[in-house]
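Visitor: Give me coordinates for this.
(chains A and B)
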2 protein chains.
Amino acid sequence: MKAFYGDLRLGILGGGQLGRMLIQQAVNYNVTVKILDPDREAPCRKLCDEFIVGSLNDYETVYNFGKKVDLLTIEIEKVNVDALEQLEKEGVLVYPQPRVIRLIQDKGLQKQFFKENDIPTAEFQVISSPEQLKDSTIPFPYIQKLRRDGYDGKGVYKVVDESYLEKAFTEPSLIERWIDFEKEIAVIVARNENGDIETFPMVEMEFNPEANLVEFLISPSTLPFAVQQEAADIAKKIAESLKIVGLLAVEMFLDKQGKILVNELAPRPHNSGHQTIEGNVVSQFEQHLRAIFDQPLGNTDSLSNAIMINVLGEQGYEGPAIYQGIEKVMKCAGVYIHLYGKALTKPFRKMGHVTIVNTDREKAIETARYVQETLKVIS
Amino acid sequence: MKAFYGDLRLGILGGGQLGRMLIQQAVNYNVTVKILDPDREAPCRKLCDEFIVGSLNDYETVYNFGKKVDLLTIEIEKVNVDALEQLEKEGVLVYPQPRVIRLIQDKGLQKQFFKENDIPTAEFQVISSPEQLKDSTIPFPYIQKLRRDGYDGKGVYKVVDESYLEKAFTEPSLIERWIDFEKEIAVIVARNENGDIETFPMVEMEFNPEANLVEFLISPSTLPFAVQQEAADIAKKIAESLKIVGLLAVEMFLDKQGKILVNELAPRPHNSGHQTIEGNVVSQFEQHLRAIFDQPLGNTDSLSNAIMINVLGEQGYEGPAIYQGIEKVMKCAGVYIHLYGKALTKPFRKMGHVTIVNTDREKAIETARYVQETLKVIS
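Guide: Numbers count the residues shown, from 1 in each chain, chains lettered A, B, ... in the order given. Next up, the predicted model:
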């Protein structure tokens, strides 16, 4: 068991809001944190023991950063895995493991992994050339996803019919049968080195179709217990199969026939778990720290209904951020504002999130709608 | 109304654990924080936008620090008030107000204030010389307190009988009738510039008589509602009379006749409010920020039973801190560890605190006793 307080230097690849919230928790355990991020204005810049500006994709930069820490984790998957593998060989603890990051970086490998491990997922085909796309056996409409570097809705293209093929991605991709889903759901699971596994209660999501981002999330779900149990079992099975150390967010669809299909994995704290800060006994951030430091995993029970709203930059505004309506929102009881320390807003940029906690689910939803209408990031 | 996010630079005099927890909360509102502390290893050193090493009691140092911020607050009362008054004159917002800090710095003035404002407090006499002490009309045993600079049990002396007078303080002091109290209780109240006032639910404390420190705190109290109401009313009356802006901790005794007597004030976040982080809708730290930034005060309701234990350096150990038993404590659900980032332990040094949350009060107490027996700071 590793010391959890001060003895080990923790390095985080990425200094965004996930790193920021991880640090807010790590403070409670005296963890020494170093951050690597390409942006000198990154949200973590003033909160860590050392902030290093540099590329997460450059071998030398990541390697040199990793040599200065004892335990390395990520808050973004798009990092140089070759460097991480070398660091691992040289005795640096890297959690999640480089092989897990490599697998998840590539949506093609991710899908193959689902197939090989009997994880339910939408029918798919790996595509390496535009010709292959035309010959695909998956019926229209379908979704084309870049194998690498897609995020927050980028790198995704809906192919409605043959006429859409012209604008399709030409890079390595995969195509997936269109799922006419009932709900998007997610389970966050944690696994430590000891092999202990704990899942957070399943959450339901609503997306903003325009921004293609999670916008409204409800925890815990009120879907039937059997669905929740199945989703938790799938998340556990994936964590077991990967033997991941750390947090794993499992995004899933519940289709109209009641079948669960795994969409994507994220091997780190995730947007679908922000409400755990106030809504659950331990937060996803504390759980990630516990997992990577090989500590006992925490109790994940829900304390109340918790609704999470992403605070996105309004369309039509670009510049220094102004949080219009924040005082009105602060008058509501059980409303928790988390701003991410980003000076500049732009349309759909994730500027913060708000969690609404209420023992009465309907009241929580009502307050969430009020917050959504009231708090606007303009400039 | 002042902007709460990034526009105003907040300065905090003192970079200890109270500042640290204030920053953890301020992060959520993008508040830019500068810290002044004499100790270059202070708990806030790595968490703020700027950390300046310097004396809190030196006029020039405090003045120069204050000129660099828009809003100045404290996490310790022992600061140079002359500098704060000058800064206030020059347009820097200083909350709590310098006149309030000046009053509270001097236990003699504090007591006079209680008397003049009909705040119930133990009978007292202000003492300026050893001769005056001998002539006092307060019967033995009584408590002698230094007027200035006493804290955490330092500067307090029990005069049991005449033979104790020899070792009494010779500096300006006050003496107070010995209260054979039933309970120590506390209420934290907040007031903003707008004049809004909110109290946190009353808490009950248990002291470690050896260390003379709060060691075990229960929130909310289960004493009769009338007592809680009276304590809240007293706290509000003090906040109103002082017209304080910010948080005010009011420590009180409940004597064996059921009478409440105010013991001491602290115009800042306080050890008796740490459990609000997990136990109440808003924490004392968030409430202090809301008050000094003239924002709407938050809802202070208790979410559950919350017990707070100070984690003190064990007797007999001095050196780099080791947190023995921490993994065992982390196995308990609803147990929240907050370490203060202090590398070195010494006997009775406040190294952290633990909050135990449970809807079942007896179970919370049981877990608290387990934590107390299990978690030891050694070296």
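
Visitor: wait, A:Gly325 sits on A:Lys376?
Guide: Yes: the pair A:Gly325 and A:Lys376 passes the contact test of C-beta atoms under 8 Å, sitting 6.0 Å apart. (C-beta placed from N, C-alpha, C; glycine too.)

Visitor: Now do the contacts for the residue in the stretch 101-250 of chain A positioned nearest to chain B.
Guide: Closest contact between the stretch 101-250 of chain A and chain B, by C-beta to the nearest C-beta, is at A:Asp196 (10.6 Å). A:Asp196 makes contact with A:296-297 under the criterion C-beta atoms under 8 Å, 6 or more residues apart in numbering or on different chains.

Visitor: can we see that at 7 Å?
Guide: Counting by C-beta atoms under 7 Å, 6 or more residues apart in numbering or on different chains, A:Asp196 touches A:Leu297.

Visitor: mind listing the helices in the stretch 151-300 of chain A by residue range?
Guide: Remark: helices assigned in the stretch 151-300 of chain A by DSSP state H, counting those that start in this stretch are A:225-242, A:276-279, A:284-292.

Visitor: in stretch A:355-367, what's buried?
Guide: Residues A:355-358, A:364-365, A:367 are the ones in stretch A:355-367 that count as buried (16 or more other C-beta atoms under 10 Å in any protein chain shown).

Visitor: Among these, show me the least confident.
Guide: Of all the buried residues of stretch A:355-367, A:Ile365 has the smallest pLDDT value, namely 91.

Visitor: how near is that residue to A:Gly279?
Guide: 14 Å (C-beta to C-beta, to the nearest Å).

Visitor: what's the answer for A:Leu297, then?
Guide: As judged by C-beta to C-beta, A:Leu297 and A:Gly279 stand 17 Å apart.

Visitor: more crowded one of those two?
Guide: A:Gly279 (27 against 20; other C-beta atoms under 10 Å in any protein chain shown).

Visitor: Can you give me every residue that contacts the more buried one?
Guide: A:219, A:302-304, A:306, A:355, A:357.

Visitor: of the residues you listed, list those near chain B.
Guide: Subset of the contacts of A:Gly279 in contact with chain B: empty, counting by C-beta under 7 Å from any C-beta of the partner chain.

Visitor: Show me which pair in the residues you listed is furthest apart.
Guide: Using C-beta to C-beta, those span at most 12.3 Å, a distance reached by A:Ser302 and A:Thr355.

Visitor: Spatially nearest residue to the spatially most central residue of chain A (excluding sequence neighbours)?
Guide: Geometric centre of chain A, nearest residue: A:His270, 2.7 Å, by C-alpha atoms, centre = their mean. Using C-beta to C-beta, 6 or more residues apart in numbering or on different chains and skipping residues adjacent in sequence, the residue nearest A:His270 is A:Ala249, 3.4 Å away.

Visitor: Which strand residues bridge the one you found?
Guide: For A:Ala249, the beta-bridge partners are A:Ile188, A:Ala266 (DSSP bridges).

Visitor: how much space between it and A:His338?
Guide: 18 Å.

Visitor: now A:Phe216
Guide: 15 Å.

Visitor: Also A:Asp255?
Guide: Counting by C-beta to C-beta, the gap from A:Asp255 to A:His338 is 32 Å.

Visitor: what's the burial count for A:Val156?
Guide: 17.

Visitor: next one: A:Ser221
Guide: Residues lying near A:Ser221 (other C-beta under 10 Å) number 22.

Visitor: wait, it sits on A:Met205?
Guide: No: with contacts counted by C-beta atoms under 7 Å, A:Ser221 stays clear of A:Met205, the gap being 9.7 Å.

Visitor: Overlap in contacts, these two.
Guide: With C-beta under 7 Å, 6+ apart, A:Ser221 and A:Met205 have common neighbours A:Ile185.

Visitor: about what we covered before: need the winner for burial among the helices of the stretch 151-300 of chain A.
Guide: Each of the helices of the stretch 151-300 of chain A was scored by mean neighbour count; the highest is helix A:284-292, a mean of 27, by mean count of other C-beta atoms under 10 Å in any protein chain shown.

Visitor: Give me the helices and strands touching it, please.
Guide: Applying 3 or more C-beta pairs under 7 Å, 6 or more residues apart in numbering or on different chains; DSSP states H and E, we find helix A:284-292 packed against helix A:17-26, strand A:181-191, strand A:246-255.

Visitor: so after that helix, what's the next helix or strand?
Guide: Per DSSP states H and E, the first helix or strand lying C-terminal to helix A:284-292 is strand A:305-312.

Visitor: what helices or strands is that following strand leaning on?
Guide: Identification of packing neighbours for strand A:305-312 by 3+ C-beta pairs under 7 Å, 6+ apart yields strand A:213-219, strand A:350-358, helix A:361-374.

Visitor: rank the ones you listed by mean pLDDT and give me the bottom one.
Guide: strand A:213-219 has the lowest average pLDDT among those, namely a mean of 80.

Visitor: if we can go back for a sec, quick check, nearest of the buried residues of stretch A:355-367 to B:Val187?
Guide: For those, the nearest to B:Val187 is A:Val357 (24.2 Å; C-beta to C-beta).

Visitor: neighbour count winner among A:Phe216 and A:His338?
Guide: Legend: neighbour count by other C-beta under 10 Å for A:Phe216 and A:His338, higher for A:His338 (23 against 17).

Visitor: quick one: contacts for that one?
Guide: Counted by C-beta under 7 Å, 6+ apart, A:His338 has contacts A:352-353, B:28.

Visitor: same question, A:Val329
Guide: Contacts for A:Val329 (C-beta under 7 Å, 6+ apart) come out as A:335, A:337, A:354, A:371, A:374-375.

Visitor: swap the cut-off to 6 Å and go again
Guide: A:335, A:371, A:374-375 (C-beta atoms under 6 Å, 6 or more residues apart in numbering or on different chains).

Visitor: Most neighbours among those residues, which one?
Guide: Highest neighbour count within the contacts of A:Val329, by other C-beta under 10 Å: A:Val335, with 26 neighbours.

Visitor: Kindly provide the distance from the closest residue to it other than its chain neighbours to A:Ile218.
Guide: With C-beta to C-beta, 6+ apart as the criterion, A:Val335 has its nearest non-adjacent residue at 5.4 Å, and that residue is A:Ile356. A:Ile356 sits 10 Å away from A:Ile218, going by C-beta to C-beta.

Visitor: what do these two both touch?
Guide: Common neighbours of A:Ile356 and A:Ile218 (C-beta under 6 Å, 6+ apart) are A:Ile307.

Visitor: how about the residues of chain A near chain B?
Guide: By C-beta under 6 Å from any C-beta of the partner chain, the residues of chain A that approach chain B are A:5, A:24, A:27-30, A:46-47, A:49, A:281, A:295-296, A:299, A:323, A:330-331, A:333-334, A:338-339, A:341.

Visitor: So among the residues you listed, which ones count as buried?
Guide: For the residues of chain A next to chain B, a burial check counting by 16+ other C-beta under 10 Å picks out A:5, A:24, A:27-30, A:46-47, A:281, A:295-296, A:323, A:330, A:334, A:338-339, A:341.

Visitor: Looking at the residues you listed, which are in helices?
Guide: A:24, A:330 (DSSP state H).

Visitor: Looking at the buried ones among the residues of chain A next to chain B, which are in strands?
Guide: Those of those mapping onto strands are A:323, A:338-339, per DSSP state E.

Visitor: which regions of chain A sit below the pLDDT cut-off?
Guide: Counting by pLDDT under 70, chain A contains low-confidence ranges at A:1-6, A:151-153, A:207-208, A:210-215.

Visitor: ok, of the contacts of A:Val329, which one's closest to B:Leu36?
Guide: Closest approach to B:Leu36 among the contacts of A:Val329 (C-beta to C-beta): A:Val335, at 32.5 Å.

Visitor: Any figure for the gap between that closest one and B:Pro320?
Guide: 41 Å.

Visitor: again with A:Phe51
Guide: Computed with C-beta to C-beta, the distance linking A:Phe51 and B:Pro320 is 25 Å.

Visitor: ok, A:Met351 - contacts?
Guide: Residues counted as contacts of A:Met351 (C-beta under 6 Å, 6+ apart) are A:311, A:313, A:321, A:342, A:345, A:377.
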